[in-house]
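Peer 1: Kindly generate the corresponding structure for this input.
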Amino acid sequence: MRLERVDRDMRILSVIGSSKSGKTSTVEYLIARLTEKGFKIGSAKHVHHSNFTIDVEGKDTWRHTKAGATRVVCVAENEVTVFRKEHGPDYTLERLVDLFKDGGFDLVILEGFHWMLAKREDVVKIVSAKDVEDVENRLKGTSPPIIAIVGRVSNEEKGPIHGIPVINMQKNGEQLVNVVTEQFKLN
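Peer 2: Numbers count the residues shown, from 1 in each chain. Got it, this is the predicted structure:
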């Protein structure tokens with residue numbers, strides 16, 4: 001399988017790791033700190049549940065898709081939601097990035113998507129892990145660049161693992177923000 005190179009103008013950071021390892025907390029922290037610094041951040045989350053839908057059965061938007069619409073746009077006073085009925089596992093990084101192209105984002109953070117991103121050498125990664133064994137398992141299937149290891153493992157490991165810094169978000173989260181801003185040359 002040949003991978004297309006991601007849009008060079010789009011800065012993408014992937015946070016990958018096992019369930020309950022700290023991915024969402026890491027993404028939430030980075031989004032909050034980077035937006036405080038004035039950066040415009042976009043994010044996407046991969047949901048592992050095959051029958052998941054954010055739409056609600058019986059609501060008008062649900063009824064539109066049930067009738068056959070493959071894209072439904074719901075416009076409210078403070079939010080616009082787009083429901084696109086597409087097959088997720090066939091999704092590509094390029095199609096995901098296209099969803100952010102019109103937003104003028106300084107950085108797009110992707111949570112999860114290990115199946116899509118682990119082998120990509122054109123995507124910067126942070127690995128979140130529960131323990132050292134979890135880190136080792138995750139690193140086996142993940143290509144560089146990996147700029148940091150975070151998660152519960154940081155409570156037991158104080159030094160780098162395979163040359164990758166281990167950062168404890170509770171004690172030194174700003175270090176991760178600095179690593180990210182330096183990596184992506186965010187000014």
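Peer 1: per-residue confidence at the residue located most distally from the centre of the chain?
Peer 2: If you look at how far each residue of the chain sits from its centre, by C-alpha atoms, centre = their mean, the farthest one is residue 67, at 32.0 Å. What the model reports as pLDDT for residue 67 is 91.
Peer 1: now the one 3 residues further on
Peer 2: Per-residue confidence at residue 70 stands at 86 (pLDDT).
Peer 1: nearest residue to it other than its sequence neighbours?
Peer 2: Counting by C-beta to C-beta, 6 or more residues apart in numbering, residue 70 lies nearest to residue 85, which is 4.7 Å off, once chain neighbours are set aside. For every residue, glycine as well, the C-beta is placed using N, CA and C.
Peer 1: is it true that the one you found touches residue 66?
Peer 2: No: applying C-beta atoms under 8 Å as the test, residue 85 and residue 66 come out as separate, 10.1 Å apart.
Peer 1: residues near residue 135, how many?
Peer 2: 24 (other C-beta atoms under 10 Å).
Peer 1: Check residue 130 too.
Peer 2: Look at residue 130: counted by other C-beta under 10 Å, it has 19 neighbours.
Peer 1: do the one 4 residues further on as well
Peer 2: Neighbour count of residue 134, defined by other C-beta under 10 Å: 19.
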